[in-house]
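Q: attaching a predicted model along with its sequence, questions to come.
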Amino acid sequence: LGQLNDSDTSEAMSRFILLCLAIAASAWGIVYTHEKQLNPSYGVEWAVQDEHIFLRLNVSTTGWIGFGIGEPTSGSMPGADIVTVSVVDGVATITDRFATDKVKPSVDTCQDWKLGSAQESNGRTIAEVYRQLTTNDTTQDRPILPGENRVVFAYGSSDTFAYHQSNRGGTALTFYGNPPPSIDTSDPDLDSWVITSLEYEIPTKVTTYGGTSMVLPFNEGPFHIVGFEPIINNATAARIHHFILRFCTTPTPWFSYFLNETGDHDVAASIKGYCAGQLWAWAPGMAPYAVPEIAGFRVGPDAGDFQYLSLEVHYDNPNHVPGLIDSSGVRIYYTTDLREHDASVLTLGDAYVRNPIEMEPNTVYKFEYDCPEAATSKFIQGDLNVFGSFLHMHATGKQMWTTHWRNGSMVSTINRIDFWDFGYQQTTTIDFVLKAGDRLNTHCIYNTKGRTDITTFGMGSLDEMCMNFLTYYPRLPQQYDSCGYVFQPKTNMTLTTYGETPVLNQGRPITNPTQNDPVSLEAISFGSAAGTCGDDTYTHAYVGLSPIDFLENAGNLISIGWIVFASIALFSL
């Protein structure tokens with residue numbers, strides 16, 4: 001082994017001490033491989049091994065703390081699988097919970113989240129918890145999947161589990177597997193535009209939807225939009241709930257109202273010509289979004305190209321703080337090196353917002369629209385590669401999904417939200433091929449509970465919508481930008497169209513939907529009675545030890561280490 005001089009001995013001792021500290025850093029010997037600061041008060045570290053996830057939650061409170069796997073598509077608290085921890089007089093309590101509404105989460109029948117350790121120190125609560133990635137409980141737990149998972153987090157000021165007030169948030173984390181594609185900002189062919197709120201003073205009311213519009217600043221073209229990156233003002237980051245980037249193909253009155261200035265949507269609620277097309281949506285913690293490398297959204301001076309953008313920002317100011325000035329928004333990456341395919345957006349459902357139904361207060365309404373075989377066989381000439389889905393309703397929405405049918409059999413549900421929350425709208429990455437002759441059925445369910453006036457379908461914030469925006473390539477001609485339902489007031493007829501073209505049967509328009517899905521697809525399994533609970537006892541040497549037992553084990557480990565170290569030094573003399 002060679003001769004150890006004083007310098008070698010000192011270095012070896014330093015390395016050994018660091019090793020011991022690294023092992024002792026976790027109360028169960030887990031080495032955390034990732035970390036994320038979810039907001040200034042809430043940090044999380046994690047590791048995945050042996051089909052389990054291990055979390056260390058580090059939160060600026062001496063009250064209860066909570067962390068959950070959110071509703072898979074929206075990421076909202078309703079539909080989430082949640083673990084809560086509190087420490088009282090040095091004794092930790094862990095509870096596995098689930099939520100189906102914006103009320104206190106219920107206690108799970110199967111307590112699958114386990115406690116490793118928990119302590120309070122210097123005004124913070126630090127808890128280590130673990131669980132199987134996929135448990136036996138399929139109705140009150142959410143599987144933790146490779147790639148992005150929607151998560152929620154919250155904490156309270158007391159040890160009694162109660163309403164979190166504004167101490168909460170949601171984001172997306174990749175615990176294991178491949179993260180979403182990233183934008184190569186070093187690419188010399190990339191340039192960018194920026195659309196932001198323009199020094200907007202956030203109102204002191206709890207919820208505000210701010211709007212800003214811009215005409216894309218180009219004198220030539222075409223270009224391809226290939227990525228979106230959030231720009232967040234640090235001073236107001238905690239007040240930004242989410243934002244949505246929309247496009248208009250024409251400068252509508254609504255677009256013009258917000259052109260080059262930021263205003264309140266409520267003030268403009270009566271203005272028509274809402275920018276309905278969705279390009280991208282962001283919520284706190286979400287990474288920049290990259291379009292698949294084979295495609296890009298075409299912008300330029302030609303008819304049908306994207307030229308007009310609108311940014312909608314949801315502000316959350318529960319403490320009515322005055323004087324908050326925001327300039328957050330989106331950096332839009334584009335390239336002059338056009339990619340192989342143009343990407344575009346196909347809108348399903350009530351694409352032109354023509355549903356004439358007036359929804360009474362305190363009532364549940366269900367609507368179904370389809371893009372039938374007779375339509376897709378007309379406007380799809382080759383395969384369409386669908387890579388994104390953005391489900392869109394407004395505040396009375398409760399549940400939304402789209403099914404994919406081929407040759408009379410259901411292929412899949414391409415996107416679904418069972419616990420809709422207007423404040424959690426996000427683009428979902430999907431991957432499927434749409435062929436001529438396929439059918440797509442889009443469902444929207446609403447509950448007008450709490451409303452005192454009639455709710456109609458329209459462009460205002462208090463109106464309703466039902467749209468699924470599919471992003472795909474290669475781009476169809478612009479006249480085929482939608483497929484589904486259109487109501488014709490003059491004839492009082494419901495039509496099925498692709499773009500503005502009616503689908504005919506023997507020369508006569510056909511109604512919509514042409515075929516209904518089975519009613520059984522409405523069923524929501526999450527939150528129902530749990531089945532057989534699993535017996536998960538993780539056998540890592542330190543899991544389940546009390547702090548004193550762990551210190552004794554850690555002390556034994558260090559003692560053994562010193563013996564090994566001394567032996568090496570002795571034999572080196």
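A: Received it, and whenever you're ready, just let me know what you need. Residues are numbered from 1 along each chain as shown.

Q: and L259, what pLDDT?
A: Turning to L259, the model gives it a pLDDT of 85.

Q: for the closest residue to it other than its chain neighbours, phi and psi?
A: In this structure, L259 finds its nearest non-sequential neighbour in S213, 4.6 Å apart by C-beta to C-beta, 6 or more residues apart in numbering. Glycine gets a C-beta too; all of them are placed from N, C-alpha and C. Backbone torsions of S213, given as degrees, to the nearest 10, read phi -120, psi 150.

Q: residue contacts, S213?
A: Residues in contact with S213 (C-beta atoms under 8 Å, 6 or more residues apart in numbering) are F255, S256, Y257, F258, L259, N260, C275, Y308, L309, S310, L311.

Q: tell me how far the third one lies from S310.
A: Here the criterion is C-beta to C-beta, to the nearest Å. By it, Y257 lies 10 Å from S310.

Q: ok, the first one next?
A: To S310, F255 is 6 Å away according to C-beta to C-beta.

Q: these two touch, right, D517 and L440?
A: No. Judged on C-beta atoms under 8 Å, D517 makes no contact with L440 at a distance of 10.6 Å.

Q: who touches both of the two?
A: By C-beta under 8 Å, 6+ apart, the residues touching both D517 and L440 are T403.

Q: looking at those two, which is more packed in?
A: Between D517 and L440, counting by other C-beta atoms under 10 Å, L440 is the more crowded of the two (24 against 20).

Q: what sits against the residue lying closest to that one once chain neighbours are set aside?
A: Closest residue to L440 apart from its sequence neighbours, by C-beta to C-beta, 6+ apart: C371 at 4.4 Å. When contacts are counted by C-beta under 8 Å, 6+ apart, C371 touches L348, R439, L440, N441, T442, C483, G484, Y498.

Q: quick one: contacts for the second one?
A: Put plainly, it is R439. R439 neighbours (C-beta under 8 Å, 6+ apart): D370, C371, P372, E373, T376, H404, W405, R406, T514, Q515.

Q: coming back round to it: which ChimeraX command selects the buried ones in the contacts of S213?
A: Applying 16 or more other C-beta atoms under 10 Å to those leaves a buried subset, and the ChimeraX line that selects it is:
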select :255,258,275,308,309,310,311
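
Q: among the contacts of S213, name the ones in helices.
A: Of the contacts of S213, the ones assigned to helices by DSSP state H are F255, S256, Y257.

Q: JSON lines for those residues, including distance to H242?
A: Listed next are those as JSON lines, based on distance: C-beta to C-beta, whole Å:
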{"residue": "F255", "distance to H242": "20"}
{"residue": "S256", "distance to H242": "24"}
{"residue": "Y257", "distance to H242": "22"}
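
Q: closest to Q426 among these?
A: For the ones in helices among the contacts of S213, the residue nearest Q426 by C-beta to C-beta is F255; the value is 23.1 Å.

Q: what pLDDT is listed against the closest one?
A: pLDDT, read off for F255, is 81.

Q: K449 now?
A: Model confidence at K449 (pLDDT) stands at 95.

Q: nearest to H164, of the ones in helices among the contacts of S213?
A: Ranked by distance to H164 (C-beta to C-beta), those are led by Y257 at 36.0 Å.

Q: touching, that closest one and G263? I think so.
A: Yes. Under the criterion of C-beta under 8 Å, Y257 makes contact with G263 at 7.0 Å.

Q: spit out the residues that contact those two alike.
A: In contact with both Y257 and G263: G211, using C-beta under 8 Å, 6+ apart.

Q: so how far is T413 from Y446?
A: Distance from Y446 to T413, by C-beta to C-beta: 19 Å.

Q: so the two - more neighbours on which side?
A: Y446 (25 against 14).

Q: isn't the more buried one right up against W420?
A: No. Contact between Y446 and W420 fails when scored by C-beta under 8 Å: they sit 9.0 Å apart.

Q: common neighbours of the two, please.
A: Joint contacts of Y446 and W420 (C-beta under 8 Å, 6+ apart) are M393, G397, K398.

Q: could I get the phi/psi values of Y352?
A: Main-chain dihedrals, Y352, degrees, to the nearest 10: phi -100, psi 10.

Q: again with the one 10 residues further on
A: Backbone geometry at N362, expressed as degrees, to the nearest 10, gives phi 60, psi 40.

Q: same question for A375.
A: Dihedral angles (degrees, to the nearest 10) for A375: phi -90, psi -50.

Q: bridging residues for the residue lying closest to it once chain neighbours are set aside?
A: The shortest distance from A375 to any non-neighbouring residue, by C-beta to C-beta, 6+ apart, is to Y498 (4.3 Å). On the basis of DSSP bridges, Y498 is bridged to C483, T501.

Q: for Y498, which residues are in contact?
A: C371, A375, T376, K378, F379, Y480, S482, C483.

Q: nearest to E340 among the residues you listed?
A: Closest to E340, out of all of these and judged by C-beta to C-beta, is Y480, at 20.1 Å.

Q: wait, that closest one sits on A375?
A: No. Applying C-beta under 8 Å, one finds Y480 not in contact with A375, separated by 9.3 Å.

Q: can you pull out the helices in this structure?
A: With DSSP H as the criterion, the chain has helices at 6-24, 253-257, 373-379, 547-571.

Q: make a ChimeraX selection of the buried ones in the shared contacts of Y446 and W420.
A: The buried residues among the shared contacts of Y446 and W420 can be selected in ChimeraX (16+ other C-beta under 10 Å) with this line:
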select :393,397,398
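
Q: would you list the shared contacts of Y446 and W420 in TSV and tack on distance to P292 and pLDDT?
A: TSV is the format used below for these (distance: C-beta to C-beta, whole Å; pLDDT from 0 to 100):
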residue	distance to P292	pLDDT
M393	27	91
G397	29	96
K398	32	96
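
Q: taking the shared contacts of Y446 and W420 one by one, which sit in strands?
A: Among the shared contacts of Y446 and W420, DSSP state E puts G397, K398 in strands.

Q: among the shared contacts of Y446 and W420, which one lies nearest to Y334?
A: Looking across those and measuring by C-beta to C-beta, the closest to Y334 is M393, at 30.2 Å.

Q: what's the separation between that closest one and I126?
A: Distance from M393 to I126, by C-beta to C-beta: 39 Å.

Q: with K378 instead?
A: 61 Å.

Q: got it, and V330?
A: 35 Å.

Q: higher neighbour count, those two?
A: Ranked by neighbour count (other C-beta under 10 Å), V330 and I126 place V330 first, with 25 against 19.

Q: my guess is that one contacts F243, does it?
A: Yes. Using C-beta under 8 Å, V330 is in contact with F243, at 7.5 Å.

Q: and stretch 338-352, which residues are buried?
A: Applying 16+ other C-beta under 10 Å to stretch 338-352 flags 339, 341-352 as buried.

Q: which of these sits closest to F228?
A: Closest approach to F228 among those (C-beta to C-beta): A343, at 12.6 Å.

Q: which residue, other than its chain neighbours, is closest to that closest one?
A: A295 (4.1 Å).

Q: would you map the strands across the stretch 1-150 of the chain?
A: 34-39, 42-49, 52-59, 65-69, 81-88, 91-98, 106-107, 114-121, 124-132, 148-155 (DSSP state E, counting those that start in this stretch).

Q: what does the fourth one rub up against?
A: Outside of strand 65-69, the residues within contact range by C-beta under 8 Å, 6+ apart are 42, 44, 55, 57, 59, 77, 80-86, 97, 99, 125, 127, 129, 141-142, 144, 149-156, 164.

Q: what's the answer for the second one, then?
A: The set of residues external to strand 42-49 that reach it, using C-beta under 8 Å, 6+ apart, is 30-38, 53-60, 65, 67, 133, 153, 155, 169, 173, 175-176.

Q: picking that back up, and the contacts of C371, which is closest to S389?
A: Once C-beta to C-beta is applied, the member of the contacts of C371 that ends up nearest S389 is L348, at 9.2 Å.
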